[in-house]
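1. Predicted structure and sequence below. I'll ask about it afterward.
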Amino acid sequence: MAKQGQTRNPYNLCSWLPVSECKNCTIAGRLKCRYNSGDLLHFIGLFLFFLFPALIGMILSGCGWYLLGWVGLAIIFFGFWEIRILCSHCPYYAEKGVTLHCIANYGCPKFWKYHPEPISNSEKIQLVIGFTLICGYPFPFLILGEQFSLFLLTAWGLIMFFWILQKYTCSKCVNFSCLLNRVSKEVVDEYLKRNSVMRKAWEENGWQIGGATSRK
Ligand code: SF4
Ligand code: SF4
């Protein structure tokens, strides 16, 4: 690969190389491997389907002050916790800089170092706990406030969020060891072949290029 700006791309990951390096890539188009603002807007738009009815329902329930608890939880989760257990393993995180430039958590601070190895089982369990807390937070308030229509709308928004995310984003996401990731092993192998830092870390954790390794 051509020499690139080491200042921006200290791990020499192809996702942060100039786009001209993608010319002969056999998996081009099969991954969301380069930052794209359209992908970011798609993610934000999807999340709003869940967020809006939840916000309105909590306010109509007379529990508006409890939104502060949700905001605090979100700051801890997205600012410190999720970013360590999920994002610090993602190629998007490997870019040099103090904030994340990616197709979902754009703008979050990067307090941790990049971890090219796969996400551990303990981190996966923590992720499930974190998602449950963040996504489940508004529902008890909607029940207490008897906002049953908004409860259903919020639940529907959440289901649609994960369903559409799985179909259009997780099937192409470069954070391959995430629990939700659905990229095929063949494509993961090709990406690892192009990214030696990740490949080494994954092979040290038992991954075999071309082998039958499962990432789950
Ligand atoms: S996998 Fe790497 S080289 Fe291939 S299209 Fe994506 S960023 Fe470019
Ligand atoms: S895991 Fe998702 S949210 Fe985190 S850096 Fe990667 S693309 Fe962004």
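-> Yep, that arrived. Ligands and ions are numbered 1, 2, ... in the order given.

2. Give the buried residues for the biggest helix by length in the chain.
-> The longest helix of the chain (DSSP state H) is helix 37-60. By neighbour count on 16 or more other CB atoms under 10 Å, the buried set for helix 37-60 is 39-40, 42-43, 46, 49-51, 53-55, 57-60. Every C-beta, even on glycine, is put in place using the N, C-alpha and C of the backbone.

3. Kindly report the same for stretch 151-163.
-> 151, 153-155, 157-158, 161.

4. try stretch 70-86
-> Neighbour-count burial for stretch 70-86, counted by 16+ other CB under 10 Å, picks out 70, 77-78, 81-86.

5. same check, this time on stretch 18-36
-> 22, 27, 30-34.

6. same thing with stretch 110-129?
-> Quick answer for stretch 110-129 (16+ other CB under 10 Å): 110, 114-119, 123-124, 126-127.

7. Those residues: which two are farthest apart?
-> The two members of those with the most space between them (CB to CB) are K110 and K124, at 20.8 Å.

8. Poorly predicted segments of this protein, please.
-> Scanning the chain for pLDDT under 70 picks out 1-6, 213-216.

9. let's see it at 90
-> Applying pLDDT under 90 to the chain flags residues 1-8, 210-216.

10. Tell me where it has helices.
-> Ranges of helices within the chain are 37-60, 67-76, 82-85, 121-136, 138-144, 148-165, 185-194, 196-204, based on DSSP H.

11. Which strands or helices does the longest helix of the chain pack on?
-> Judged by 3 or more CB pairs under 8 Å, 6 or more residues apart in numbering; DSSP states H and E, the packing partners of helix 37-60 are helix 67-76, helix 138-144, helix 148-165.

12. Tabulate these (JSON lines), appending distance to L192.
-> Formatted as JSON lines, the helices and strands packed on helix 37-60 follow (distance: least, CB to CB, whole Å):
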{"stretch": "helix 67-76", "distance to L192": "32"}
{"stretch": "helix 138-144", "distance to L192": "39"}
{"stretch": "helix 148-165", "distance to L192": "23"}
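
13. I'd like the ones you listed written out as TSV, with distance to ligand 1 added.
-> Shown next, in TSV, are the helices and strands packed on helix 37-60 (distance: least, CB to the nearest ligand atom, whole Å):
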stretch	distance to ligand 1
helix 67-76	30
helix 138-144	37
helix 148-165	20
